[in-house]
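> missing the sequence, but the structure's below:
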């Protein structure tokens, strides 16, 4: 069983040059079938299927669904979660959280363990199933963390998801997104247009909360 991956620490003055290859376990932890993380005095066990036949996907340059593994920004944000609420003088307990591009579920699980009620979304049912499985393996109840398909670019899809989720109608307290943009998959000439669906979804979620606040919901 691999050792828990530690919290990122500030860079020191020393420097090292390490050979890197996407196909080597030594340099690419996304290829590992299982990873363990020590976050907020909790241990989170994440199963990854980034390179399995069941997660093969033709449009992905890597040959597998990107959501079937833990990426670096999700790990950093998971460690940062307590500081978000500390800045507001509150806690995650009882907060309704929407995660976009939840993938294997590390960030959603970390938020749920802090007391949030999380809806972890992705655009592939296989990835949602992996996220739900990882949540269950870490003792996170389905009432605390649920999964859903959410295509980006539709404000109505965000509103419908809010309406059918427990406590819905008032929008989400927090929207989380990590490692949702991958420039390497853009076609020449796409530019910022490739990110527009994600931006529209974020704006749709924020407007729900604003409307609920204005109407006193």
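All right, it came through fine. Bear in mind that the values here come from a model prediction, so they are computed numbers and not experimental data.
> got the residue ranges for the strands in the protein?
Ranges of strands within the chain are 34-39, 42-47, 96-100, 117-122, 145-149, 174-177, based on DSSP state E.
> okay, those strands in CSV with mean neighbour count next?
For the C-beta atoms, the positions are set from N, CA and C on the backbone; glycine is no exception. Formatted as CSV, the strands of the chain follow (neighbours: other CB atoms under 10 Å):
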stretch, mean neighbour count
strand 34-39, 18
strand 42-47, 18
strand 96-100, 24
strand 117-122, 26
strand 145-149, 20
strand 174-177, 20
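> now those in CSV, with mean pLDDT?
Shown next, in CSV, are the strands of the chain (pLDDT from 0 to 100):
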stretch, mean pLDDT
strand 34-39, 95
strand 42-47, 96
strand 96-100, 95
strand 117-122, 96
strand 145-149, 97
strand 174-177, 94
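> let me know which of the ones you listed is the nearest to residue 89.
strand 174-177 (15.0 Å; CB to CB).
> and the contacts of that closest one?
Defining contact as CB atoms under 8 Å, 6 or more residues apart in numbering, one finds that strand 174-177 is touched by 77, 84, 95-101, 107-108, 111, 116, 198, 202, 205-206.
> now with 10 Å?
73-74, 77-78, 81, 84-85, 92, 95-102, 107-108, 110-111, 116, 118, 120-121, 158, 198, 201-202, 204-206, 208-209 (CB atoms under 10 Å, 6 or more residues apart in numbering).
> flag every buried residue along the helix or strand of the chain with the lowest mean pLDDT.
Sorting the helices and strands of the chain by mean pLDDT, DSSP states H and E puts helix 196-215 at the bottom, at a mean of 84. Neighbour counts using 16 or more other CB atoms under 10 Å place 198, 201-202, 204-205, 208-209, 212 of helix 196-215 among the buried residues.
> picking that back up, can you list the strands of the chain in TSV and add distance to residue 4?
TSV is the format used below for the strands of the chain (distance: least, CB to CB, whole Å):
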stretch	distance to residue 4
strand 34-39	4
strand 42-47	6
strand 96-100	22
strand 117-122	22
strand 145-149	21
strand 174-177	22
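> do you know which of the ones you listed lies nearest residue 133?
Per CB to CB, nearest to residue 133 of these: strand 42-47, 6.8 Å.
> so what secondary structure elements neighbour the closest one?
strand 34-39, helix 72-88, helix 106-113, helix 125-137 (3 or more CB pairs under 10 Å, 6 or more residues apart in numbering; DSSP states H and E).
> of those, which shows the lowest average pLDDT?
Taking each of the helices and strands packed on strand 42-47 in turn, the lowest mean pLDDT turns up on helix 72-88, with a mean of 89.
> buried stuff in it?
Under the neighbour-count criterion of 16+ other CB under 10 Å, helix 72-88 has 74-75, 77-79, 81, 84-85 buried.
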